[in-house]
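Enquirer: Below are the sequence and a predicted model; questions follow.
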Amino acid sequence: MKFVGSAGGVAGAVGELLHTALGQNVPIRIRCWDGSETGPPDAPVLHLKHRRALRRLLWAPNELGVARAHVAGELDVEGPFVEALERLHDLVYDVDFDVDLTWAVRRDLAKAALKLGAVGFPPKPPPEEIKLAGRRHSRRRDAAAISHHYDVGNDFYALVLGPSMTYSCAVWPKPETTLEEAQTAKVDLVARKLGLRQGMRVLDVGCGWGTFVIHAAKEYGAHAVGVTLSQAQADFARKRVAEEGLSDLVEIRVQDYREVSDGPFDAISSIGMAEHVGASMLPVYANSLFELLRPEGRLLNHAISRHPSVPPRNQKTSFIDRYVFPDGELEPVSVMAAAIEEAGFEVRDVEALREHYGRTLRAWVANLEANWAEAVRLSGAGRARVWRLYMAASALSFESGAIGVNQILAVKPTSRGGSGMPPVRSAWLS
């Protein structure tokens, strides 16, 4: 049986190779480095720009091999990136990849790969790939992980995130809401859930480029402390604070959450930071924040979660771990809520914002593609490809329900169980 739309040249051989491996036709169009093409004319196009891409896939026949080839510029999909990836994503779910490669099939694959010049030593990974050393989730290794992710360059992030410089899920109250308006709606939602008022002292763990602490001070008159492990973020946030004339209300520190010792705070926000903590450190994280809060103080934990049916990422083969979030770990919302409760908090509210993150990511990808040449100039082509692939794939993961994002509102009760909170949700959201 021939690959659908089989043709000569390299593409025809690759099509036969793919059919041999899977035992079935995959409805994609393949374009190869010699100009040959094969596959249905109206199907998504997978462009193999260099034979080295096949070698990478032979040595790492998983998402890491695909990612390496893409980041290196050897493999691409054609058309608007999210839409093209979405079509490939949908096709993958229609194909049975659970195949048993017999000895004869493996022999045929080896012969085909040899003819294509894809056999050889494993290519060196692109320079954007990282593998951290040291004890996992030690302070030194966590700092290195954060630096890898956030110190890409403030100018690069400005292209992607837009003027709000807010790197977490926005909240879209209306279809016509802009990205910047949606990010303002998100930070204001956090402020209202925390019950911020004039003179309150608030800690923002993982403050990013300072958007929430500036909003808390400017709109609510709160005294805000923001901590981050990224020096680049801290420099940018301090400049923003000074330009807003808020230096008397806002302090930005380069500091690990485990090093904060000047509590108590009236409220604590953690927006998109808990994903870096790791399952083994969740008790330390939750206990640290509990100790930093006064009785009746509130915690708002905003974090990505994975569906319980989705297993943890394989650290050795994960594109996310090697290129985007080294040591990042996603846990089901139930695990996060349990850690918060076990530290002594009372969980008062959980809100899912999954669909909002899919839309946020699509907006970021659109920003990146609209400013592609400048993004490449600022960060390099490989880094720009990492971010486009990461954000597009993440958008599809949120939209499919594989991952979600949740805001958990918790309170530190008094010794007699007092929460200091209004008895109905509408009262503390007004």
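Expert: Arrived safely, thanks for sending. Numbering: from 1, shown residues only.
Enquirer: Please count neighbours and contacts with C-alpha atoms only from this point.
Expert: Will do.
Enquirer: what's the neighbour count on G9?
Expert: Applying other CA atoms under 10 Å, we find 16 residues neighbouring G9.
Enquirer: ok, now T414?
Expert: T414 is surrounded by 13 other residues when neighbours are defined as other CA under 10 Å.
Enquirer: which ones are touching L282?
Expert: Residues in contact with L282, defined by CA atoms under 8 Å, 6 or more residues apart in numbering, are 336, 339.
Enquirer: Going forward, count from 48.
Expert: Happy to do that; since the first residue is 48 now, the last one works out to L329.
Enquirer: so is it in a helix, a strand, or just coil?
Expert: Under DSSP: H, G, I helix; E, B strand; the rest coil, the three-state class of L329 is helix.
Enquirer: separation between it and H184?
Expert: Distance of L329 to H184, given as CA to CA, to the nearest Å: 11 Å.
Enquirer: With V324 instead?
Expert: As judged by CA to CA, V324 and H184 stand 7 Å apart.
Enquirer: going on from the host helix or strand of N453, what's the next piece of helix or strand?
Expert: Here N453 sits within strand 450-458, counting by DSSP states H and E. Using DSSP H and E, the next helix or strand after strand 450-458 towards the C-terminus is helix 472-476.
Enquirer: what's in contact with that following helix?
Expert: Counting by CA under 8 Å, 6+ apart, residues outside helix 472-476 touching it are 236, 239-240, 242, 468-469.
Enquirer: So which of those residues wins on neighbours?
Expert: Each of the contacts of helix 472-476 was scored by neighbours using other CA under 10 Å; the highest score is K240's, at 23 neighbours.
Enquirer: about what we covered before: mind giving me the packing neighbours of the strand holding N453?
Expert: With contacts taken as 3 or more CA pairs under 8 Å, 6 or more residues apart in numbering; DSSP states H and E, strand 450-458 sits against strand 340-353, helix 380-389, strand 393-399, helix 401-417.
Enquirer: the helices in the stretch 148-297 of the chain, which residues?
Expert: In the stretch 148-297 of the chain, helices defined by DSSP state H, counting those that start in this stretch lie at 150-162, 186-197, 201-208, 226-240, 258-267, 278-290, listed in chain order.
Enquirer: Which of those helices sits closest to M247?
Expert: helix 258-267 (8.8 Å; CA to CA).
Enquirer: tell me the mean pLDDT for the closest one?
Expert: The pLDDT scores in helix 258-267 average 98.
Enquirer: Mind listing what's buried along it?
Expert: When burial is assessed from 16 or more other CA atoms under 10 Å, helix 258-267 yields the following buried residues: 258-265, 267.
Enquirer: Helix, strand or coil: sort out D123 for me.
Expert: Each residue gets one of three states, and D123 gets strand by three-state DSSP.
Enquirer: Next, the contact list for it, please.
Expert: 93-96, 117.
Enquirer: And the pLDDT at V92?
Expert: Turning to V92, the model gives it a pLDDT of 88.
Enquirer: show me what contacts the closest residue to it other than its chain neighbours?
Expert: In this structure, V92 finds its nearest non-sequential neighbour in R76, 4.7 Å apart by CA to CA, 6 or more residues apart in numbering. With contacts taken as CA under 8 Å, 6+ apart, R76 has the following neighbours: 84-93.
Enquirer: follow-up on the earlier one: let me know which of the helices and strands packed on strand 450-458 is tucked in deepest.
Expert: strand 340-353 (a mean of 24; mean count of other CA atoms under 10 Å).
Enquirer: Which elements pack onto it?
Expert: Judged by 3+ CA pairs under 8 Å, 6+ apart, the packing partners of strand 340-353 are strand 312-318, strand 450-458.
Enquirer: Please identify the deepest-packed of the helices of the stretch 148-297 of the chain.
Expert: Each of the helices of the stretch 148-297 of the chain was given a mean neighbour count from mean count of other CA under 10 Å, and the largest, a mean of 22, is that of helix 258-267.
Enquirer: Run the angle between that one and helix 226-240 for me.
Expert: Taking axes from the mean of the first three to the mean of the last three CA atoms, to 10 degrees, one finds that helix 258-267 is oriented at 70 degrees with respect to helix 226-240.
Enquirer: From the chain's centroid, how far away is helix 258-267?
Expert: Helix 258-267 has its C-alpha centroid displaced from the chain centroid by 24 Å (CA atoms, centre = their mean, to the nearest Å).
Enquirer: Show me the shaky parts of this protein.
Expert: Counting by pLDDT under 70, the chain shows low-confidence ranges at 48-55, 66-73, 137-153, 156, 195-198.
Enquirer: Let me see the contact set for the residue nearest to N414 when sequence neighbours are not counted.
Expert: Beyond its immediate neighbours in the sequence, the residue positioned closest to N414 (CA to CA, 6+ apart) is V207, lying 5.2 Å away. V207 makes contacts with 411-412, 414-415, as judged by CA under 8 Å, 6+ apart.
Enquirer: what about V272, neighbour count?
Expert: By other CA under 10 Å, 22 other residues sit near V272.
Enquirer: what pairs with it across the strands?
Expert: Counting by DSSP bridges, V272 forms beta bridges with L250, E298.
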